[in-house]
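A.B. asks: Using only what follows, build the 3D model:
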Amino acid sequence: MISKYTDEVFTKIEETYGIILPHEFKQVYRDLEQLPNGWYNWADFSRENTDCLKKQMEEVMGEITDEIDDIEWNDNWGECPNTIHDVHHFIKSKMKSAPALMPIVGHRYIACEPTSVSPVFSIVGSEMIYYSASLTDFLKGKTITQETALTDLTQISFWSEIAQ
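C.D. replies: Just a heads-up that it's a prediction; the model follows:
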């Protein structure tokens, strides 16, 4: 049995990690009687767990940065710069202003943005795809199909632009 996720716990998570929790995260975690197998326990504030989660959040950003050459230019960003240096600079600045990524289980993440629906992304290196339309769907085992129009999914600043 996990600690009950309460408003006080959510506030402590936000303060500990310097993030804004999505509304759906709060709804889903508040209703859980126990965490699904392998899910990260955000209510465990032990030094070991908080260090692990912070490291996970930093590592995903580092892996994306390490593979920045593999990120395709999005037409919504305007004209692609002429030099690779300028492309890297632009993408890194977009990443800095993008919402933090929060690990849920394995390489599944949600963005820390106060949206009512939190799409779940699967991220390995710079490869990022929409995995599930929402955290609720993810909990139920529902994933994105090839028939799903990505434009119909909740759009998250920067992350949706690089997700395929």
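
A.B. asks: To what extent is the nearest residue to Val87 once chain neighbours are set aside buried, counted in neighbours?
C.D. replies: Here the nearest residue to Val87 in space, its sequence neighbours aside, is Pro81; by C-beta to C-beta, 6 or more residues apart in numbering that works out to 5.2 Å. Placement of C-beta: from N, CA and C, glycine included. Burial measure for Pro81: 15 neighbouring residues, criterion other C-beta atoms under 10 Å.

A.B. asks: what helix or strand does Pro81 sit in?
C.D. replies: Under the criterion DSSP states H and E, no helix or strand holds Pro81.

A.B. asks: shaky segments in this structure?
C.D. replies: The chain contains residues with pLDDT under 70 at 1-3.

A.B. asks: And the residue nearest the centre of it?
C.D. replies: By C-alpha atoms, centre = their mean, the chain has its centre lying nearest to Ile110, at 2.8 Å.

A.B. asks: Helix, strand, or coil at that residue?
C.D. replies: For Ile110, the assignment made with DSSP: H, G, I helix; E, B strand; the rest coil gives strand.

A.B. asks: Test my guess that it contacts Pro99.
C.D. replies: No - distance between Ile110 and Pro99: 9.2 Å, which falls outside the contact criterion (C-beta atoms under 8 Å).

A.B. asks: For the residue nearest to Val87, give me its contacts.
C.D. replies: When contacts are counted by C-beta atoms under 8 Å, 6 or more residues apart in numbering, Pro81 touches Val87, His89, Phe90.

A.B. asks: and those residues, which are buried?
C.D. replies: Buried members of the contacts of Pro81, scored by 16 or more other C-beta atoms under 10 Å, are Val87.

A.B. asks: Span of stretch 97-114 from start to end?
C.D. replies: In terms of C-alpha to C-alpha, to the nearest Å, the two terminal residues of stretch 97-114 are separated by 15 Å.
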